[in-house]
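Participant: Here is my input, please return the structure:
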Amino acid sequence: RCVQKDCSTGSHVYKTDRIWTPTSMRSLVMARGLIRAAVAGSRASLIRSSQCLRLMSDNVGGTSPNVDLSQSKSHTFQAETSKLLQIVASSLYSEREVFVRELVSNASDALEKLRYMQATGKDVAYPDLPLEIQITTDAEAKTITFTDSGIGMTLEEVQNNLGTIARSGSKEFMESMSGDGNPSARDKIIGQFGVGFYSGFMAGDDITVYTQSADAGSNAVMWQSHGLGDYTVAPASNVPRGTSITIKLREDAEEFGSPDRIREVLRKYSNFVGFPVKLNGEEVNNIQPLWTLPPSQITDEQHDEFYRFISNSFDKPAFKLHYSVDAPLMIRSLLYIPSMNMEKYPGAPRTPMSVSLYCRKVLISNQLDKMFPDWMRFVKGVVDSEDIPLNLSRELLQDSALVSKIGRVLTGRVIKFLQQQMADDRKAYETFYSEFNNYLVEGICTDPSHKDELAKLMLFQSSTLESGELTSFAEYMSRMPEDQKDVYYVVASSREAALQSPYMELMSQRDQEVLLLLDPVYELVMLHTEKLDGKDLTSIESSKLEDEADATTGEWSEEDASAMKQWLQDSIGAEAVKEIKISARLTDTPAVIVDHEPLVMRQMMQMRNSGMPVTLPAQTLSINPKHSILAKLNTFRQSSEETKQAHAQLVAKQLFANARLAAGLVDDPKSLLPQLNALLASSLHDE
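Facilitator: Numbering: from 1, shown residues only. A predicted model of the protein is given here:
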């Protein structure tokens, strides 16, 4: 069963048990034309066709398959069935290439049925034939042939299975074994609907089938149809066990006569079928479906090869998750965490979802956006489940609720796996975290059902740990005093900036640990999580830390304090400051802004505003009445000298500008220069 080249003519001819000569091939084409006339309904034409075919068979001689059309019968599909055939051939499948997957799957089922027969002690014809699938392409003849050495079909089975669309012999086979207590063969059968064979009409209008049943003593059969609503069945001889399907490719499907094109389709859909698949004599499916093997039997080298195959990547996987479960859903999965994040490089495209869905080792879909949340797109691998409800074309998933449930189960397993890796191999996990933490942040912000568990995977620097040392929320909480109710954090551009922040003064006084968020996007984690394991996540820039009971007015009287707050608000402007608070949180800093808008939120608003600056709302200013600047300012504001009052107003505005700068509310520091220059000029004037 291979293509051989005729050295005398330079043409390629198809070999079954012997070589068909170019003359006999032309004769077969003539015979097909005569058969077409016979199917049209002319009894006389049928007799003439039979006579001609006998003459052609005599010319062929040897052991090539022979057809006796004197006993052939032409059949017409019912009107409804004919319409269904047109639907299958033109509308059922989204991609024409799927016909290769369907015919290979049918061949695999035929081989699996034969293997079951042998395992149960039944006699089969030609028992020494290797169990394999042969695919032969002939670009010159514009044909492609699928041959298996499987169970084959009798005349009755041909009429039932090929003559009736949507009748599944594989489904009947599984039902017949439902009580035999041996599920191994049932679990490997792929077909369900009985329409896969007819997908061949997407690529050709002429399909010829030769089949020999494995039952000893049965006769071979030829089946042929031109896809026009009728078919011919005739006895055949010299056909080895199994089934051979030859498709005469249409002009718009000639690409499938190319071995490179077929190799591409096989790699995509059928690389993991359970039998050798040979393309023009060369085995093409030599990578094992590792998800079906016990994890202990898989080597690192096999994992590396498999990962590169399914992900089209060149790196090695950092982590491997082999997860299988039988109840309540049957799931077999093998998932990989890459070692490199390609999205982080400038100009890199968005990483597509790279987990593929298989059913009984045959690809169903590699577009699982509805099964997994988008943040999971860095995970590579395969999921195989027999419980997934497929539509007739086996390309679409019918029960979205069940599919989502499988996705949630696997998403939860990935998160728990990463949490375990954090505990078991911290160094390896931190390497992963440095590459892929952006996906975790995305998940916390977009996946409410998993945000708390994802938050437990986050790592931060800390005010009490060495520079570069990372800690998790759980580790931070384990070090909290019993009376501490909140997890405190600060956002800064660097560790040095965070530790020198005026907001750290209160935390230093209390000797409390603060998480250092050195990437503004981490603030989104805090805003979306809000509370974790019963602890509030609180920014140290929040007024929640203001303890009015501890606040004192220093040397000011209550009236002075009230007057000072009002004067500051008037000097700075009510449009800029909505409230002035006297606070005990500050020691070395005269004033800070509390409860301001997060930087990352302002950046997002600016992006929505086409890059235009965002107008800030009025802020809350906390002042330190014990600071020398505030004390001097209070004196100047009460002076009768206009120059001192004017200078005091400039100082008040600069005080607020400094607080804005410390809070990160100044996008362009150069905008503060005119005000600062005015203050300097006023100071020189006073001298």
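Participant: Next up, the contacts around the closest residue to Q461 other than its chain neighbours.
Facilitator: Closest residue to Q461 apart from its sequence neighbours, by Cβ to Cβ, 6 or more residues apart in numbering: L516 at 4.3 Å. For glycine as for every other residue, the C-beta is placed from the backbone atoms N, C-alpha and C. Contact partners of L516, counting by Cβ atoms under 8 Å, 6 or more residues apart in numbering, are F460, Q461, S462, S463, Y489, V490, A492, R495, A498, L499.
Participant: Out of these, who's the most crowded?
Facilitator: In terms of neighbours by other Cβ atoms under 10 Å, these top out with Y489 at 24 neighbours.
Participant: What helix or strand is that one located in?
Facilitator: According to DSSP states H and E, Y489 maps onto strand 486-491.
Participant: With only the CA atoms kept, save the next helix or strand after that strand in CSV.
Facilitator: Next along the chain after strand 486-491, taking DSSP H and E as the criterion, comes helix 495-499. Extracted in CSV, the C-alpha atoms of helix 495-499 (Å, rounded to 0.1, in the frame of the first residue of the first chain):
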residue,chain,number,x,y,z
ARG,A,495,12.6,50.7,47.9
GLU,A,496,14.6,53.8,48.9
ALA,A,497,11.6,56.1,47.9
ALA,A,498,9.2,53.9,49.9
LEU,A,499,11.4,53.9,53.1
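Participant: List the buried residues of the helix or strand just after helix 495-499.
Facilitator: As assigned by DSSP H and E, the chain's next helix or strand after helix 495-499 is helix 504-510. By neighbour count on 16 or more other Cβ atoms under 10 Å, the buried set for helix 504-510 is M504, E505, L506, M507.
Participant: how far does whatever helix or strand S434 lives in sit from the chain's center?
Facilitator: Assigned by DSSP H and E, S434 falls within helix 426-446. Chain-centre distance of helix 426-446: 17 Å, with Cα atoms, centre = their mean, to the nearest Å.
Participant: Which SSE is immediately downstream of it?
Facilitator: helix 451-455.
Participant: immediately after that following helix, which helix or strand?
Facilitator: With DSSP H and E, the next secondary element past helix 451-455 is strand 461-462.
Participant: helices or strands up against that following strand?
Facilitator: For strand 461-462, the elements it packs on are strand 515-517, judged by 3 or more Cβ pairs under 8 Å, 6 or more residues apart in numbering; DSSP states H and E.
Participant: hey, where'd the helices end up in the stretch 251-400 of the chain?
Facilitator: With DSSP state H, counting those that start in this stretch as the criterion, the stretch 251-400 of the chain has helices at 259-269, 300-311, 400-424.
Participant: pretty sure R495 contacts E466?
Facilitator: No. Counting by Cβ atoms under 8 Å, R495 sits too far from E466 to count as a contact (10.3 Å).
Participant: for the stretch 351-500 of the chain, what are the low-confidence residue spans?
Facilitator: 389-400 (pLDDT under 70).
Participant: I'd like to know which elements the helix or strand that contains L111 is packed against.
Facilitator: Assigned by DSSP H and E, L111 belongs to helix 98-119. Secondary-structure packing of helix 98-119 (3+ Cβ pairs under 8 Å, 6+ apart): strand 133-138, strand 143-148, helix 169-176, helix 183-188, strand 242-249, helix 259-269, strand 362-365.
Participant: Run the angle between that helix and strand 143-148 for me.
Facilitator: With axes from the mean of the first three to the mean of the last three Cα atoms, to 10 degrees as the basis, helix 98-119 and strand 143-148 are set at 20 degrees to each other.
Participant: Could I have the CA atoms of helix 98-119 written out in CSV?
Facilitator: The C-alpha trace of helix 98-119 is given here as CSV (Å, rounded to 0.1, in the frame of the first residue of the first chain):
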residue,chain,number,x,y,z
VAL,A,98,-11.1,18.2,9.1
PHE,A,99,-11.9,15.4,6.7
VAL,A,100,-8.4,14.0,7.3
ARG,A,101,-9.0,13.9,11.0
GLU,A,102,-12.4,12.2,10.6
LEU,A,103,-11.1,9.5,8.2
VAL,A,104,-8.0,8.8,10.4
SER,A,105,-10.3,8.5,13.4
ASN,A,106,-12.5,6.1,11.6
ALA,A,107,-9.4,4.0,10.7
SER,A,108,-8.3,4.1,14.3
ASP,A,109,-11.7,2.8,15.5
ALA,A,110,-11.5,0.0,13.0
LEU,A,111,-8.1,-1.1,14.3
GLU,A,112,-9.3,-0.8,17.9
LYS,A,113,-12.3,-3.1,17.1
LEU,A,114,-10.0,-5.6,15.5
ARG,A,115,-7.6,-5.5,18.5
TYR,A,116,-10.6,-6.2,20.8
MET,A,117,-11.6,-9.2,18.7
GLN,A,118,-8.1,-10.6,19.0
ALA,A,119,-8.1,-9.9,22.8
